[in-house]
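Enquirer: This is a predicted model, with the sequence first.
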Amino acid sequence: MAAFIPAAASTARRHAARLTRAVAPAPPLAGGLAAAAAPSRAALLRRWPAAAPAAAAPFYTSVVAAVTEGDTAPDFTATDAGGDTFSLSSLTPGRPVILYFFPKSLTPGCTKQAAAFRDASDVMAGLNAEVIGVSGDDRQAEFKKEMGLPFKLVSDADGSLRKLYGVPSTFGILPGRVTYVINAGGTVVKTVNSQLDIGSHVSEAVKALKADARV
């Protein structure tokens, strides 16, 4: 495609000298460049049919979580990295929960995030909060041991928990990094959705729990 455009322009210049009628110029773009006709959507889909689903999907589905603040947190039953089975509802009566979804165990960003939650364990204990980390891989036990994590890690290999909470992916490629702060009554009081601002997941969760405790 890169070689096609100059060749087409050269051919157009040769033929332009032979034309006897005037041709209206294309309206200029910023910087004096001529506007090029954009291929139609139908033409693009004929060339790259495999791209059709991605092209048709609205962008916002990649950045907005389905469960939002004010919603009742969906209950679930899961088995943690230590082999213990628990349900969310068994934890929340009288105790808040920080449920955070992360892309993958033992990766740089997720290691940093887990360390941040670990290092805030005294603060979490002071707020009587339970932390639960969820990812789709199966290395939670290794991750928990290597990082010395004092909280539960859950493998969501089939993606059922992500689907239950409507956790978005980032640009449809990377599993989303979303934290849900659930108060003692089971209500989501804060969501933090950021792939890159990892520190905000802990700081915003603590801030939300303190604010909820004052209500």
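Expert: It's in.

Enquirer: Check which element follows the worst-scoring helix or strand of the chain on mean pLDDT along the chain.
Expert: Least confident element among the helices and strands of the chain, by mean pLDDT, DSSP states H and E: helix 52-56 (a mean of 33). Once the chain leaves helix 52-56, the next helix or strand it forms, by DSSP states H and E, is strand 77-79.

Enquirer: Can you point out the buried residues in that next one?
Expert: residue 78 (16 or more other Cβ atoms under 10 Å). Heads up, the C-betas are built off the backbone N, CA and C, glycines and all.

Enquirer: List the buried residues for the helix or strand following that strand?
Expert: Using DSSP H and E, the helix or strand that follows strand 77-79 towards the C-terminus is strand 85-87. Buried residues in strand 85-87, counted by 16+ other Cβ under 10 Å: residue 86.

Enquirer: any idea of the mean pLDDT for the helix or strand following strand 85-87?
Expert: Downstream of strand 85-87, the first helix or strand assigned by DSSP H and E is helix 88-91. Average pLDDT, helix 88-91: 91.

Enquirer: ok, and what's touching whatever helix or strand comes next after helix 88-91?
Expert: Per DSSP H and E, helix 88-91 leads on to strand 97-101 as the next helix or strand towards the C-terminus. The list of residues contacting strand 97-101 from outside it, by Cβ atoms under 8 Å, 6 or more residues apart in numbering, reads 73, 88, 91, 113, 117, 124, 129-135, 156, 161-162, 165, 167, 175-182, 201, 205, 209.

Enquirer: Try it again at 6 Å.
Expert: Residues outside strand 97-101 that contact it (Cβ atoms under 6 Å, 6 or more residues apart in numbering): 91, 129-134, 167, 178-182, 205.

Enquirer: cool, and stretch 178-189?
Expert: With Cβ under 6 Å, 6+ apart, stretch 178-189 has contacts from 65, 69, 71-73, 92, 94-101, 167, 190-193, 201, 205, 208, 212.

Enquirer: now do stretch 158-175
Expert: With Cβ under 6 Å, 6+ apart, stretch 158-175 has contacts from 62, 65, 66, 67, 74, 101, 103, 134, 156, 176, 178, 195.

Enquirer: Dump those to JSON lines, plus neighbour count, distance to residue 82 and pLDDT.
Expert: Output for those, formatted as JSON lines (neighbours: other Cβ atoms under 10 Å; distance: Cβ to Cβ, whole Å; pLDDT from 0 to 100):
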{"residue": "62", "neighbour count": "15", "distance to residue 82": "33", "pLDDT": "37"}
{"residue": "65", "neighbour count": "20", "distance to residue 82": "28", "pLDDT": "46"}
{"residue": "66", "neighbour count": "13", "distance to residue 82": "29", "pLDDT": "86"}
{"residue": "67", "neighbour count": "19", "distance to residue 82": "26", "pLDDT": "95"}
{"residue": "74", "neighbour count": "16", "distance to residue 82": "23", "pLDDT": "96"}
{"residue": "101", "neighbour count": "24", "distance to residue 82": "19", "pLDDT": "98"}
{"residue": "103", "neighbour count": "18", "distance to residue 82": "22", "pLDDT": "96"}
{"residue": "134", "neighbour count": "23", "distance to residue 82": "15", "pLDDT": "98"}
{"residue": "156", "neighbour count": "22", "distance to residue 82": "16", "pLDDT": "96"}
{"residue": "176", "neighbour count": "20", "distance to residue 82": "25", "pLDDT": "91"}
{"residue": "178", "neighbour count": "23", "distance to residue 82": "24", "pLDDT": "96"}
{"residue": "195", "neighbour count": "17", "distance to residue 82": "28", "pLDDT": "91"}
